[in-house]
Structure formats: structure tokens, C-alpha cells
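Colleague: Here is a sequence with its predicted model. Questions after.
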2 protein chains.
Amino acid sequence: MEEKEISQAVVGRLPRYLRYLGELRDEGIERVSSQELSDIMQVTASQIRQDLNTFGGFGQQGYGYNVGYLYDEIGKILGLNREHRLIIVGAGNLGQALVNYTSFERRGFLFRGIFDHDPKVCGKKIRGITVRPMEELADFIREHQIDIAVLTIPKTSAVEVAELLAACGIKGIWNFAHVDLRLPGHIQVENVHLSDSLMKLSYNLSSAAEEM
Amino acid sequence: MEEKEISQAVVGRLPRYLRYLGELRDEGIERVSSQELSDIMQVTASQIRQDLNTFGGFGQQGYGYNVGYLYDEIGKILGLNREHRLIIVGAGNLGQALVNYTSFERRGFLFRGIFDHDPKVCGKKIRGITVRPMEELADFIREHQIDIAVLTIPKTSAVEVAELLAACGIKGIWNFAHVDLRLPGHIQVENVHLSDSLMKLSYNLSSAAEEM
DNA sequence: ACGCTTATGTTAATTTTTTGTCAATTCGCA
DNA sequence: TGCGAATTGACAAAAAATTAACATAAGCGT
């Protein structure tokens, strides 16, 4: 099905398009041109057209783009038209915070289970979901056909757990642990390295300070 | 001081170099060549040399790089040699999770205050830090010389609060709210858009599935 | 001390990404 | 229905990022 290879740079911009299109739609706006979007989003109109054309001709010459249609199409490209079943591995503060984010559920990302190593938190309920011991992880993934595991555990155990998840047939890992996971290529890994992000900010602060 | 413009692509890789160098250092390894790093990190040796040379000649021909020295130098480039004073704005799950991350403190990112709109959480203590009402925000920033504000509030109020922070003279904002902040250029903004990241993962899952 | 080996720093080539341009198509109005 | 304005999709150009190549400098062993 896949013809040309699509760069991650383009994919990375799609969620932002989706967000702005959603806002326009909520304002009742039906059509938008690449130039108008360009003004709102502060990117070149050329890039918008180029990006959208990577996936198909969603616009019409002389008219522009239909906001609702384009919103839906980008949603489909991002796989938001189907439901994803998730588990959280690591019921610490961050894990709990993510479970409590209801906006993910609205996008079709359904939290089905929470797992933790610590017997003291097992049995506890977070937003109606019981925290289970790690021993039940493998069976749970298979029984509930879990697609995505959210890894919110310390780096020390992350590699080991990731390999266990891989062996259980998980499709994707949303990794918040501060390590690079080396897994078979068919398993998708998306990293959120918070400390890297904070260091970038720190760099830009220093850099801005030096310019004066 | 700044001569050439340094691309964010390079800056974005520095934290990862730092992480691997830290690991090597902890293993007691004193020297490393770009080729060895290349093997470990799965990036080209050429890119490593190119990246490091952006900031100066840290290596020595025929020898390689001294792990400890390079680690320290990258740390300095990232501004980790000086302390940053932070406040959290939004004492929800995510805000609390971040305060509880002790690894930030070890890097010199010191949480000095937590603020929240909700009177019910004000007065509560998180890791010894009292949650204060938003009314005290402006004075607190000035009195404690806060550099960085961590924005963990819903998007509806984020823009308004960001402008308040800007008016108080904040230097940088670590933004977890799902909006683009438009602030004066001298204020550095680093976005962590979690839902964007999750959508990327979702895309890559769909994309991988189609290839079969 | 000398020569061989190693591995950087640097420049050049290549690839990728972004931006600019324009013919072609559609809309909207008279 | 026809004509001018608007706007895409495609292609070309420019810029940026990545990779390759190599001359040069330093280490290391004899």
C-alpha cells in the first residue's frame, strides 16, 4: 500500500495541522486556504500544500480546503479513526497523570490497564482502573489485545520490561523512560525524553543571554 | 559572543550525547572515539564529529575524546553548570509528577514554587513545597528570581497565564499546555505536546501495519 | 626517536527539507 | 455562460542537514 517513504518531519507536523483545523471547525469555519492557514500557523503556505500533498489532493484549486473534510482525513492518516487499547506500565506520578488525561480517551486511546511492580500500589484504583502486578502483564496484553504500552518506569528496569512487552506482541511503546530502547523493527517506539526537552530550553536560555 | 547560528537539530542531539557520555564515565571509561560512540549510539561517526565541532575542538587526533572532559563541556553548553530556579504553574497530576522528579534537581533545575488557581489545593505541600494561589505569582517570580515557569495547566488558560509570566520577566517557559504560545522573542518556549507525540506513534503503528 | 596507526577537524559531496514559482483548474459574479 | 480572481498541485530552486572523504596531527610501540 505504501508507495513513497514519508518523512517523520512531515508526520510530526500533522498533529499541529489537526489542532488548528479543529479550532477552525469549532469556530464554524468551513473553508480555508493554505495562505490563511499560513498566517494563523506561522509556517509557509508552500509547506502546508507540500505536506498535505504528500498524502493526497485534499484541496481544490480556486477554492482551498474544506476544513471538516481535511480534519477528518488527517485524523485518518494519524490513525485516529480506530481505537487503540493502552496499558500503563509504572503507576507513579507520571503514569497516574497520563491515565487522568481524558483528552486521550476522546481521541480513541483507551486505557485498559495499569501495572506496577510495587505490591503496595497494586489493587489501588486510578480512574476506575485497578493497578495490577507485573506478573499479570503478559496474559493481560494477549487477552485484551493491547496495542500500546506506556512506559513510565525508571530507566533501570525499562529495557527489561520493554523486552518483555515485545515478547508479548505489543505493537507500540510510548516511552517516558530515559533510555533508548532497542527492539525489533516491527515495534514502534515513540520517546518522550522530558529531561532532554528541559536541557534544550536551558541551552536556549543561555544562548539568548549571550546575545546581549 | 555568538558567532554562527547553531541549528536546533544539533542542540536537540546534545542531551543524548550527554547521556551516553555519562554512562561511559560511570563505567570508568576515560576515552572514546567518534567511531565507538557511533556504534553505541547508532548515529554516524561523521555526525558526531560534526556536531561536536560546532562548539569547538573537544577531541584530539589519534586519541579521540576524553569522556569526562567532553561530558563537562557539553553540560556547560547546555547550561547545566548554573542553577535554574523554576516554578510549576498548575498543581495537577502532571505538575506534581514533575515536582517529584528528583533527577531534575540533580541537574540544577530547582523547583522553588508551585502555583494553582484552585483554592482547594492551595496550602497543600508537595515535596515540601507549598502550593500558592495565582495572585502571589508575580511577586514570587520577582522576589525569588525565577528563570523558568513550567506550564501544566489546561489550554484554555495557558495563553493568558503565559502572558502574565512574560510580563513578570520570566526567561523561559516549559509548556505542557496544548497551545502555541506567541510571546516576545526574548522569551524562550519549549513545548512538550504529549498528544502530538502519541499521534505520531499512532501514525507509525498504522503505517507499519499497512506494510504487511 | 622514528614510523606506523589511529582518529580528529575540515572540506566536499550528497541527500533531505524547505521555499519559491507558475501553469492549470475551479469558483463566483456579472 | 463567460471572464477575472483565487488557489491548488506540481515542479524547480534554494537552503539545510547529513554523510563521506581525506589531509593532518597525535599517540603508541619498538
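Modeller: Thanks, I have the structure now.

Colleague: And the contacts of the longest strand anywhere in chain A?
Modeller: Determined from DSSP state E, the single longest strand within chain A is strand A:109-116. For strand A:109-116, the surrounding residues in contact (C-beta atoms under 8 Å, 6 or more residues apart in numbering or on different chains) are A:83-92, A:95, A:98-99, A:104-105, A:122, A:126-127, A:129-134, A:136-137, A:140, A:144, A:146, A:148, B:198, B:202. From N, CA and C alone the C-beta is placed, and that goes for glycine too.

Colleague: can you check stretch A:13-23 too?
Modeller: Residues from elsewhere that reach stretch A:13-23, judged by C-beta under 8 Å, 6+ apart: A:32, A:37, A:40-41, A:43, A:47-48, A:51-52, A:67, A:70-71, A:74-75, A:77-78, B:178, B:180, B:193, B:195-196, B:199-200, B:203.

Colleague: List, out of those residues, those positioned next to DNA strand C.
Modeller: Filtering these for proximity to DNA strand C by C-beta under 7 Å from any atom of the strand leaves A:43, A:47.

Colleague: Pull out the buried members of the contacts of stretch A:13-23.
Modeller: Among these, those buried by neighbour count (16 or more other C-beta atoms under 10 Å in any protein chain shown) are A:32, A:37, A:41, A:43, A:48, A:51-52, A:67, A:70-71, A:74-75, A:77-78, B:178, B:180, B:193, B:195-196, B:199-200, B:203.

Colleague: I'd like to know which of the residues you listed are part of strands.
Modeller: Residues of the buried ones among the contacts of stretch A:13-23 located in strands (DSSP E): residue A:32.

Colleague: near DNA strand D too, which of the buried ones among the contacts of stretch A:13-23?
Modeller: residue A:52.

Colleague: In helices, which of the buried ones among the contacts of stretch A:13-23 appear?
Modeller: Counting by DSSP state H, those place A:37, A:41, A:48, A:51-52, A:67, A:70-71, A:74-75, A:77, B:195-196, B:199-200, B:203 in helices.

Colleague: What is the distance between stretch A:125-142 and the centre of its chain?
Modeller: 21 Å (C-alpha atoms, centre = their mean, to the nearest Å).

Colleague: Can you give me the buried ones in it?
Modeller: Using 16+ other C-beta under 10 Å as the test for burial, stretch A:125-142 gives A:126, A:129, A:131-132, A:134, A:137, A:140-141.

Colleague: what does stretch A:97-111 give?
Modeller: Buried residues in stretch A:97-111, counting neighbours by 16+ other C-beta under 10 Å, are found at A:97-99, A:101, A:104, A:107, A:109, A:111.

Colleague: and those residues as TSV, adding distance to DNA strand C?
Modeller: Shown next, in TSV, are the buried residues of stretch A:97-111 (distance: C-beta to the nearest atom of the strand, whole Å):
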residue	distance to DNA strand C
A:97	30
A:98	28
A:99	33
A:101	28
A:104	27
A:107	25
A:109	26
A:111	32
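
Colleague: If we only consider these, which is nearest to residue B:165?
Modeller: Of all these, residue A:97 has the smallest distance to residue B:165: 21.7 Å, by C-beta to C-beta.

Colleague: out of everything not next to it in sequence, what's closest to that closest one?
Modeller: Distances taken as C-beta to C-beta, 6 or more residues apart in numbering or on different chains place residue B:93 nearest to residue A:97, at 3.4 Å, with adjacent residues excluded.

Colleague: What count of nearby residues applies to that neighbour?
Modeller: 19 (other C-beta atoms under 10 Å in any protein chain shown).

Colleague: for residue A:81, same thing?
Modeller: For residue A:81, the neighbour count with other C-beta under 10 Å is 12.

Colleague: Also the one 10 residues further on?
Modeller: For residue A:91, the tally of surrounding residues (other C-beta under 10 Å) stands at 23.

Colleague: Now do the SS call for it.
Modeller: State at residue A:91, reduced to three classes by DSSP: H, G, I helix; E, B strand; the rest coil: coil.

Colleague: what residues are up against it?
Modeller: Shown in contact with residue A:91 (C-beta under 8 Å, 6+ apart): A:114-116, A:118, A:121, A:124, A:126, A:131, A:152.

Colleague: Emit the PyMOL select command for whichever of these are buried.
Modeller: Here is the PyMOL command that picks out the buried ones among these, judged by 16+ other C-beta under 10 Å:
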select buried, chain A and resi 114+115+116+121+126+131+152
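
Colleague: returning to what we had before: what's the farthest-apart pair in the buried residues of stretch A:97-111?
Modeller: A:97 and A:107 (16.7 Å).

Colleague: Show me where chain A dips below the pLDDT cut-off.
Modeller: Filtered on pLDDT under 70, chain A yields the residue ranges A:1-4, A:212.

Colleague: what does it put close to DNA strand D?
Modeller: By C-beta under 7 Å from any atom of the strand, the part of chain A that sits against DNA strand D consists of A:33-35, A:45-46, A:49-50, A:52-53, A:57-65.

Colleague: Any of those buried? List them.
Modeller: A:33-34, A:49, A:52, A:59, A:64-65.

Colleague: Could you give the number of residues near the nearest residue to residue A:184 once chain neighbours are set aside?
Modeller: Nearest residue to residue A:184, sequence neighbours excluded (C-beta to C-beta, 6+ apart): residue A:166, at 6.3 Å. Residue A:166: 18 surrounding residues under other C-beta under 10 Å.

Colleague: Need the CA coordinates for the top helix by length along chain A. CSV is fine.
Modeller: The longest helix of chain A (DSSP H) is helix A:8-26. This file holds the C-alpha atoms of helix A:8-26, laid out as CSV (Å, rounded to 0.1, in the frame of the first residue of the first chain):
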residue,chain,number,x,y,z
GLN,A,8,9.0,11.8,10.1
ALA,A,9,9.3,15.6,9.7
VAL,A,10,6.1,15.7,7.8
VAL,A,11,4.3,13.3,10.1
GLY,A,12,5.5,15.4,13.0
ARG,A,13,3.6,18.4,11.7
LEU,A,14,0.3,16.6,11.1
PRO,A,15,-0.9,16.8,14.7
ARG,A,16,-0.4,20.6,14.6
TYR,A,17,-2.4,20.9,11.4
LEU,A,18,-5.1,18.8,13.0
ARG,A,19,-5.2,21.1,16.1
TYR,A,20,-5.6,24.3,14.1
LEU,A,21,-8.2,22.7,11.8
GLY,A,22,-10.1,21.5,14.8
GLU,A,23,-10.2,25.0,16.1
LEU,A,24,-11.4,26.4,12.8
ARG,A,25,-14.1,23.8,12.6
ASP,A,26,-15.2,24.6,16.1
